[in-house]
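Colleague: from the sequence below, what's the structure:
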Amino acid sequence: MIDGEVWLRSEGAEARILPDAGCRLGSLRAYGLELLRTRGERPEEWGSYPMVPWVGRMGGARFEFAGAVHEFPADAPPHALHGLGYRAAWKQVAGDAGSAAFELALTDPWPFAGRVEQTFTIRPDGLTTVLRIESEAQAFPAQAGWHPWFRRRLAVGEPLELSFEPAWQEERGPDYLPTGRRIPVVPGPRDDCYGTPGGLDATLLWPGALRLRMTSDCDYTVVYDMPVDHVCVEPETGPPNGLTAPTTHLVRPGEPLIATTTWTWASVGA
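Modeller: Residues are numbered from 1 along each chain as shown. As a prediction, the model looks like this:
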């Protein structure tokens with residue numbers, strides 16, 4: 001670890017991890033091409049960061065569990081956004097040239113004792129990232145996911161084309177929260193959640209430059225393509241505002257929530 005950075009390298013690929021900036025990918029280069037937005041005015045607007053212990057917007061910055069109401073800072077008023085991990089400093093616990101592991105203790109304002117581990121493994125043709133949420137005492141609801149900001153245009157080639165086949169779309173209410181109603185997929189622009197039961201399998205193609213296949217065992221995916229210059233494809237274990245949804249995983253001692261995503265890339269000729 002050098003000056004707050006951890007670099008992973010493999011032939012033709014390198015990843016810059018920033019533990020003190022939410023344990024995010026601050027940069028990801030394949031074949032010399034930068035794939036991510038590397039800076040932003042707000043911490044939620046750049047790189048690729050983990051969303052734990054919830055994903056997306058938490059409605060009203062509060063949720064109820066076991067008869068108690070838990071409140072959080074409304075960093076996207078009136079909602080709490082993308083969990084706590086992307087704003088926190090993580091600790092590196094293992095690593096070598098091609099892999100690294102980091103941990104984060106879940107503490108105030110999160111009301112349940114637990115920890116999160118995130119591991120990265122780079123290869124010449126891809127990157128695998130794993131999130132693991134553990135309870136140290138009582139059961140609690142949790143979600144995990146990632147929020148990558150991909151460049152719509154790379155240094156060469158044509159603009160990004162995204163393709164995947166969701167089973168449904170979560171209806172978005174005027175507050176940008178899912179209403180709980182599943183609807184057929186409708187055209188964008190999108191800031192929407194989709195059902196990807198059994199896992200995500202998406203293709204991000206920059207014609208004339210690079211093809212990236214994103215797979216994940218997450219059953220939901222959010223796509224945010226409203227920005228002019230960037231596209232976000234976010235595998236998640238549950239929908240936004242979903243800590244109290246029937247599908248939400250309960251983390252218990254010895255029963256962690258584990259999520260995995262793998263990005264595999266290949267060069268595409270002009």
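Colleague: quick one: low-confidence ranges for the stretch 51-200 of the chain?
Modeller: Along the stretch 51-200 of the chain, the model assigns pLDDT under 70 to no residue.
Colleague: show the contacting residues for the nearest residue to residue 253 once chain neighbours are set aside.
Modeller: Spatially, and ignoring its direct neighbours in sequence, residue 253 is nearest to residue 135 (5.1 Å; C-beta to C-beta, 6 or more residues apart in numbering). All C-beta atoms are positioned from the backbone trio N, CA, C, and that covers glycine. Residues in contact with residue 135 (C-beta atoms under 8 Å, 6 or more residues apart in numbering) are 112-114, 251-253, 255-256.
Colleague: please redo it, this time with the cut-off set to 6 Å
Modeller: By C-beta atoms under 6 Å, 6 or more residues apart in numbering, the contact list for residue 135 reads 114, 251-253.
Colleague: over to residue 266?
Modeller: Applying C-beta under 6 Å, 6+ apart to residue 266 gives the contacts residue 211.
Colleague: what helices or strands is the helix or strand that contains residue 232 leaning on?
Modeller: In this structure, residue 232 is located in strand 230-236 according to DSSP states H and E. Applying 3 or more C-beta pairs under 6 Å, 6 or more residues apart in numbering; DSSP states H and E, we find strand 230-236 packed against strand 145-151, strand 220-224.
Colleague: how about 10 Å then?
Modeller: Strand 230-236 sits against strand 48-51, strand 145-151, strand 161-163, strand 191-195, strand 200-206, strand 210-216, strand 220-224, strand 257-267, with contacts defined as 3 or more C-beta pairs under 10 Å, 6 or more residues apart in numbering; DSSP states H and E.
Colleague: so for residue 178, which of these sits nearest?
Modeller: strand 191-195 (5.7 Å; C-beta to C-beta).
Colleague: listing partners with orientation, what would you give for the closest one?
Modeller: Under the criterion DSSP bridges, strand 191-195 sits next to strand 168-172 (antiparallel), strand 220-224 (antiparallel) in its sheet.
Colleague: mind checking the end-to-end distance for stretch 219-227?
Modeller: From its first residue to its last, stretch 219-227 covers 25 Å (C-alpha to C-alpha, to the nearest Å).
Colleague: for stretch 92-107, same thing?
Modeller: End-to-end distance of stretch 92-107 (C-alpha to C-alpha): 18 Å.
Colleague: ok, stretch 65-78 next?
Modeller: With C-alpha to C-alpha as the measure, stretch 65-78 spans 20 Å from end to end.
Colleague: which parts of that stretch are buried?
Modeller: Going by neighbour count (16 or more other C-beta atoms under 10 Å), the buried part of stretch 65-78 is 65, 70, 72, 76.
Colleague: how about stretch 138-158?
Modeller: Neighbour-count burial for stretch 138-158 flags 140-152, 154, 157 (criterion: 16+ other C-beta under 10 Å).
Colleague: likewise for stretch 117-136?
Modeller: Residues of stretch 117-136 classed as buried: 117-123, 125-135 (neighbour count, 16+ other C-beta under 10 Å).
Colleague: now do stretch 40-49
Modeller: Residues 43-44, 46-49 are the ones in stretch 40-49 that count as buried (16+ other C-beta under 10 Å).
Colleague: let me have those in TSV, extended by pLDDT.
Modeller: Compiled in TSV, the buried residues of stretch 40-49 are given as follows (pLDDT from 0 to 100):
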residue	pLDDT
43	95
44	96
46	98
47	98
48	98
49	98
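Colleague: now residue 210: how far from residue 195?
Modeller: Taking C-beta to C-beta, to the nearest Å as the measure, residue 210 and residue 195 are separated by 28 Å.
Colleague: who has more neighbours out of those two?
Modeller: Using other C-beta atoms under 10 Å as the criterion, residue 210 and residue 195 rank with residue 210 on top: 20 against 16.
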